[in-house]
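Student: any chance you could fold what I've pasted below:
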Amino acid sequence: MKHFLDIHQTEVDDLKGMISAARKIKSARDGKGRAERDADAPLTGKMVALIFEKPSTRTRVSFDVGARQLGAETMLLSGAEMQLGHGETIADTARVLSRYVDTIMIRTFEENTLREMAEYASVPVINGLTNESHPCQIMADVMTYEEHRGSIAGKKVVWTGDGNNVCTSFLHAAGQFGFDLTFSGPETLDPSPEAMGFARGKGSRVVIERDAMKAVEGADLVVADTWLSMHDPQSARERRHNQLRPYQVNAELMAEADPDALFMHCLPAHRNEEVTSEVMDGPQSVIFDEAENRLHAQKAIMRWCMGV
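Tutor: Have a look, this model is predicted:
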């Protein structure tokens with residue numbers, strides 16, 4: 001049984017194998033109807049539980065559609081329905097669900113919820129997002145970069161803004177896939193020291209550069225994320241904007257990157273806040289390829305977890 005909990009806790013060969021499988025899955029579906037199952041439907045007869053303590057658009061739709069295309073049935077469960085850790089323990093919930101379903105995807109707040117679910121489940125558990133990391137997103141991002149520009153190994157990735165959970169997974173990926181990462185944002189929002197240490201320990205060059213213009217010089221990939229989490233209070237908006245305004249990705253900033261540089265954003269984006277519409281809709285943006293590739297990457301992850 002294989003869980004997919006974090007990029008830095010998964011073997012490099014397995015990660016690369018999942019990216020390769022995702023490309024094949026995508027290629028095999030070219031020209032097919034979106035509702036059509038995959039030809040081999042390897043998860044026929046399987047049940048996938050999709051648990052959402054945090055609301056979602058891309059994660060919910062891409063996992064639901066992906067599981068169905070692979071032949072599985074899905075069960076969508078909200079945090080309100082589950083009340084994880086309130087009353088029944090997470091451990092007992094994991095044990096019970098394991099009697100009903102073949103794999104569990106959970107999108108939750110606390111990392112400990114994910115870890116406890118995986119510890120006590122007797123079926124594979126997939127991290128759909130926690131406050132600490134977002135590995136499925138970064139698998140799709142690596143896939144997207146490589147389908148446009150070839151291997152990401154040795155490339156310079158620049159993260160602008162908040163060193164959040166998505167940034168943490170990018171740092172994990174830097175170590176595992178062999179690229180360098182420069183963070184550009186305010187000191188109060190620096191990335192996880194543990195994640196930076198992991199990447200550096202694997203030989204990746206990890207740099208903090210407060211000047212965004214300097215940070216993106218020669219970049220192969222520029223990445224931004226929303227300045228406000230979906231759960232941040234409205235009172236945080238003005239403070240966050242004042243902190244992060246110098247790190248907006250706009251045409252002037254992208255001009256300092258390599259001419260072939262790509263722009264990514266995991267979405268949803270607040271247009272003309274962390275990134276301008278000019279960049280989002282411009283020729284260097286691959287944000288909608290990135291969103292589509294969530295589907296293919298997660299199908300490969302589910303297949304890997306279930307060994308099919």
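Student: pLDDT at the residue nearest the centre of the chain, what is it?
Tutor: Within the chain, one residue has its C-alpha closest to the average C-alpha position: by C-alpha atoms, centre = their mean, that is Gln137, at 1.7 Å. Residue-level confidence at Gln137 comes out at 98, pLDDT.
Student: from what I can see it touches Cys266, true?
Tutor: Yes: contact between Gln137 and Cys266 holds when scored by C-beta atoms under 8 Å: they sit 5.0 Å apart. The way it works is simple: take the backbone N, C-alpha and C, and place the C-beta from them, glycine included.
Student: which neighbours do the two share?
Tutor: Listed contacts common to Gln137 and Cys266 are Val166; contacts here mean C-beta atoms under 8 Å, 6 or more residues apart in numbering.
Student: which residues of this protein score low on pLDDT?
Tutor: Screening the chain residue by residue with the criterion pLDDT under 70, one finds the ranges 31-35, 85, 230-234.
Student: show me where it has its strands.
Tutor: For the chain, the strands defined by DSSP state E occupy 47-52, 73-78, 103-107, 125-129, 156-160, 180-184, 206-208, 221-224, 262-265.
Student: out of those, the one nearest Ala251 is which?
Tutor: Between Ala251 and the strands of the chain, the shortest gap by C-beta to C-beta is with strand 262-265, which sits at 10.6 Å.
Student: can you show me the CA trace of that closest one as PDB?
Tutor: This file holds the C-alpha atoms of strand 262-265, laid out as PDB (Å, rounded to 0.1, in the frame of the first residue of the first chain):
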ATOM      1  CA  LEU A 262       6.900  30.600 -18.500                       C
ATOM      2  CA  PHE A 263       4.400  32.000 -15.900                       C
ATOM      3  CA  MET A 264       2.400  29.800 -13.600                       C
ATOM      4  CA  HIS A 265      -0.300  30.300 -11.000                       C
END
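Student: for that strand, name the packing helices and strands.
Tutor: Of the remaining helices and strands, those touching strand 262-265 by 3 or more C-beta pairs under 8 Å, 6 or more residues apart in numbering; DSSP states H and E are helix 135-149, strand 221-224, helix 277-280, helix 287-306.
Student: could you name the helices and strands sitting against the third one?
Tutor: For helix 277-280, the elements it packs on are helix 251-254, strand 262-265, judged by 3+ C-beta pairs under 8 Å, 6+ apart.
Student: give me the buried positions along the first one.
Tutor: Taking 16 or more other C-beta atoms under 10 Å as the neighbour-count basis, helix 251-254 is seen to contain the buried residues Leu253, Met254.
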